[in-house]
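Q: Here is my input; please provide its structure:
(one chain, ligands or ions: 1)
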Amino acid sequence: MSSPFYSLITGASSGIGECFARALAAQGKSVLLVARSGEKLQALATELKATHKVLAEPLPMDLSEPCAGEKLAQLVVQRGFQIDLLINNAGFGARGNFWALPFDKQSAMMRLQIEAMMELTFRLLPGMIDRRKGGIINVSSMTGFQPIPYATAYAATKAFMNSFSMALREELRPCHVAVVTLCPGGTRTNFVNVGARKGRHKFPGGPQPPEEVVEDALTQLRRGGGLVVPRFVNKASVFSQRFLPRGTVAKLLARMSKP
Ligand SMILES: NC(=O)c1ccc[n+]([C@@H]2O[C@H](COP(=O)([O-])OP(=O)(O)OC[C@H]3O[C@@H](n4cnc5c(N)ncnc54)[C@H](OP(=O)(O)O)[C@@H]3O)[C@@H](O)[C@H]2O)c1
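A: Presented below is the predicted three-dimensional model:
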């Protein structure tokens, strides 16, 4: 028997978001799948319903449109869906000199990774707080811990997400709503092929399978939330840079990430 509550996953048409959908459906959780690619979402929903006997609904939407978070939250209410887990995962990167990248693309990135994430959280939280039960997983990035030249705006959106998400976790602690801030390093998805990561930068041990990243996040959710940096090598990198001057870190990263 599937739960009357849904997990809403943004960016569910591929990569980490699709893995979240598969993992949650395998646990018997019903899912709402959001991304722009309606056909992919429909195919995934059909598969999850048939395989796991859960409810699964595609909600195709471009979350980089102005007020998209509000529109999605309204749709959820109109259709009577109750959300007990929100996964803000949709995202994309852009590499190159800040001034040479199209501004429209960079502002769409900000609306998707900051505005839609914040608005969905704001609109869907009250139900969780009232029920004193729920969870939020914000898929941020290791890039959120320091400035990344040539992925300047992308890393800044993830710095916002880290700060927002970790602060919110503490505010929500007394309300029994868990918040996970997930900061993956290189992960084997379309993002590595087409997004901010394309270039010379190599990941120690190669990109991580998205299934591992998702498992770490769901484990932390069961523990009541917190910061997740998957893989020892990523944890060591985040920890060690705290002993270097911030300007030195930016300079080193400029050398490493120059396209
Ligand atoms: N892969 C990595 O190395 C890595 C590392 C650290 C953090 N991350 C983060 O992980 C998250 C997921 O990325 P991924 O690696 O799984 O890459 P991915 O396979 O490219 O997935 C990105 C997802 O976001 C959706 N999306 C993109 N723009 C959207 C928009 N305007 N409106 C709605 N949905 C949109 C895409 O679907 P449609 O194209 O169908 O809309 C897709 O489902 C991102 O936030 C990324 O920053 C990835």
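Q: which residues of the protein fall in strands?
A: Secondary structure of the chain (DSSP state E): strands located at 5-10, 30-35, 56-60, 82-88, 134-139, 177-182, 226-228.
Q: same question for the last one, mean pLDDT?
A: When you say that, I think you mean strand 226-228. Averaged across strand 226-228, pLDDT comes to 98.
Q: same thing with stretch 159-170?
A: Here the average pLDDT along stretch 159-170 is 98.
Q: separation between I114 and the ligand?
A: Per CB to the nearest ligand atom, to the nearest Å, I114 is found 11 Å from the ligand. Yep, even glycine has a C-beta here, placed from its N, CA and C like the rest.
Q: An error on my part: the question was meant for E65.
A: Using CB to the nearest ligand atom, which is the criterion applied here, E65 is 8 Å from the ligand.
Q: Kindly report the same for K158.
A: 7 Å.
Q: Now do the contacts for the nearest residue to P184 once chain neighbours are set aside.
A: Distances taken as CB to CB, 6 or more residues apart in numbering place V213 nearest to P184, at 4.8 Å, with adjacent residues excluded. Contacts for V213 (CB atoms under 8 Å, 6 or more residues apart in numbering) come out as I16, C19, L182, P184, T187, P230.
Q: What is the end-to-end distance of stretch 140-157?
A: End-to-end span of stretch 140-157 (CA to CA, to the nearest Å): 9 Å.
Q: which other residues reach that stretch?
A: Under CB under 8 Å, 6+ apart, the answer for stretch 140-157 is 91, 93-98, 101, 106, 109-110, 113-114, 158-162, 165, 181-185, 196, 199, 229, 234, 237-238, 241, 246, 249-250, 253-254, 257-259.
Q: Mind checking which of those residues are buried?
A: Listed as buried from those are 91, 93-95, 101, 106, 109-110, 113-114, 158-162, 165, 181-185, 196, 229, 234, 237-238, 241, 249, 253, 257; burial here means 16 or more other CB atoms under 10 Å.
Q: R223: neighbouring residues, count only.
A: 11 (other CB atoms under 10 Å).
Q: re the thing from before, between the strands of the chain, which gets nearest to V192?
A: Nearest to V192, of all the strands of the chain, is strand 134-139, at 14.6 Å by CB to CB.
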